[in-house]
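K.L.:
Quick one: sequence and predicted model below, then my questions.
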Amino acid sequence: MKRTDLALEVRESIPEDNKEIQGVVLEKNTDEEKQMEITKVLIKDAQGAKVMGKPIGTYITIEAWALEKKLESYYDELVKTIKDYVEELAGGIMDKSVLIVGLGNREVTPDALGPKVIDELYTTRHLIKEFGQEFKEKHGLKTMSALAPGVMAQTGMESREIIKGIVEETRPDLIIVLDALAARSVNRLNCTIQLTDTGISPGSGVGNNRKALNKDSLGIPVIAIGVPTVVDADTIVEDRMESMLEGQGFSEQEIQSFLDELNAHAMKNMFVTPKNVDEAVSQISSILAEALNDCFVPKAV
C-alpha cells in the first residue's frame, strides 16, 4: 500500500466490490456552500482495524478546497469547523485541563507545523496558577499548557519520553497532538486536516515510526490533529504512469506488471512538497492555532 497517514486514503485504496468493509463505516458530506468536504471513517472493531491497519476509533478529514483563495471569511468558517470537531472528539473533557503538543522539527519547513502552532497559542495554565480559580472563572478560561518537544536528533529522547514526564508532573486531563503528515494525493497537501481520537504514531507515513502517543501509552485521552505536507515520490511517479498507460489502452494486468517492475527500481525515502510550502504551512498553522485558542481561551481575553 502506498504511504499515507490519512485514514480516508487508506479506505479509498481498499476494493469494496460495492459492499461495506466489515467493521468500517464511511460517512461523507460535501458542503458546496462552505467549499469543504467532511469525511468520517469509523473503525468499529478489531476486524476493521486489521483491514485498515489503524486503531479502532474515529477519523475526521476536512478537505478545504478554497484555502488557496486566502479569503478571511473562509478562514473563519474553517476555524469554526475545526473547533467544533475538536470539541466533539474531546467530549466533556474539554472543560478540564489540556496539554497541546506540537511535534516536528521547526528547522525543516514541511515538518514545522506542530511547533508553529505552539508558537501562536495563548497558554493559560501559568495564569490560573498565579491568579487562582476566581480569575479563571471571571475570564471563562480553560487550563491549557503547550509544548514543542523537538525531534530525537535534537534532544536524544523519544517525544513520548518527554511528554510522559510532563504528563506525570502536570497531570492534564487531555492531550492534543499536532503533526505534519504524509498523503498519497498531491491534491490533499496543505489543505486537508485529519482529526482522530486514537492518538498518533509520529513519522509513520514517511517510514520513520516512533513510539505511539495514545491513551494506552500516556494514560489519558489523546486527540491527534494532522495536516499532510509531503507525498512519497514513488506515489507521484506511479500515479502519473498509471494514468498515462490507461490513456494508451493498456489492460489492468499489463499496467500492474509495468508498475511492479517500476517499484523494483523505487526511489527510496524521497518525499516531495509543494514549492509554496513555507506560506502554506504558516497559513494552516495559524488556522489551527486560532481554532485551538477558540476552544480554550475566549477571544475577549
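P.N.:
Received the coordinates, thanks.

K.L.:
next SSE after the helix or strand hosting Glu169?
P.N.:
Per DSSP states H and E: Glu169 is located in helix 159-170. Later in the chain than helix 159-170, the nearest helix or strand by DSSP H and E is strand 174-183.

K.L.:
in its sheet, what does that following strand sit against?
P.N.:
Within its sheet, strand 174-183 is paired with strand 98-102 (parallel), strand 222-232 (parallel), according to DSSP bridges.

K.L.:
Tell me where this protein has helices.
P.N.:
Listed in chain order, the helices of the chain (DSSP state H) span 7-12, 46-52, 72-90, 113-119, 125-138, 152-155, 159-170, 215-218, 233-247, 252-263, 277-296.

K.L.:
any chance of those in JSON lines, plus mean pLDDT, distance to Met270 and mean neighbour count?
P.N.:
To be clear about C-beta, it is placed using only N, CA and C from the backbone, and glycine gets the same treatment. JSON lines is the format used below for those (pLDDT from 0 to 100; distance: least, C-beta to C-beta, whole Å; neighbours: other C-beta atoms under 10 Å):
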{"stretch": "helix 7-12", "mean pLDDT": "89", "distance to Met270": "19", "mean neighbour count": "22"}
{"stretch": "helix 46-52", "mean pLDDT": "90", "distance to Met270": "26", "mean neighbour count": "15"}
{"stretch": "helix 72-90", "mean pLDDT": "93", "distance to Met270": "31", "mean neighbour count": "17"}
{"stretch": "helix 113-119", "mean pLDDT": "97", "distance to Met270": "20", "mean neighbour count": "24"}
{"stretch": "helix 125-138", "mean pLDDT": "92", "distance to Met270": "41", "mean neighbour count": "12"}
{"stretch": "helix 152-155", "mean pLDDT": "88", "distance to Met270": "19", "mean neighbour count": "12"}
{"stretch": "helix 159-170", "mean pLDDT": "94", "distance to Met270": "24", "mean neighbour count": "16"}
{"stretch": "helix 215-218", "mean pLDDT": "93", "distance to Met270": "30", "mean neighbour count": "15"}
{"stretch": "helix 233-247", "mean pLDDT": "79", "distance to Met270": "4", "mean neighbour count": "15"}
{"stretch": "helix 252-263", "mean pLDDT": "75", "distance to Met270": "14", "mean neighbour count": "12"}
{"stretch": "helix 277-296", "mean pLDDT": "95", "distance to Met270": "16", "mean neighbour count": "20"}
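
K.L.:
Just send the ones you listed back as TSV, with distance to Ile193 too.
P.N.:
Written out in TSV, the entries for those read as follows (distance: least, C-beta to C-beta, whole Å):
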stretch	distance to Ile193
helix 7-12	11
helix 46-52	19
helix 72-90	6
helix 113-119	10
helix 125-138	25
helix 152-155	26
helix 159-170	21
helix 215-218	21
helix 233-247	20
helix 252-263	30
helix 277-296	7
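
K.L.:
circling back: among the strands paired with strand 174-183, which comes closest to Thr123?
P.N.:
When the strands paired with strand 174-183 are ranked by proximity to Thr123, the top entry is strand 98-102, at 8.3 Å, counting by C-beta to C-beta.
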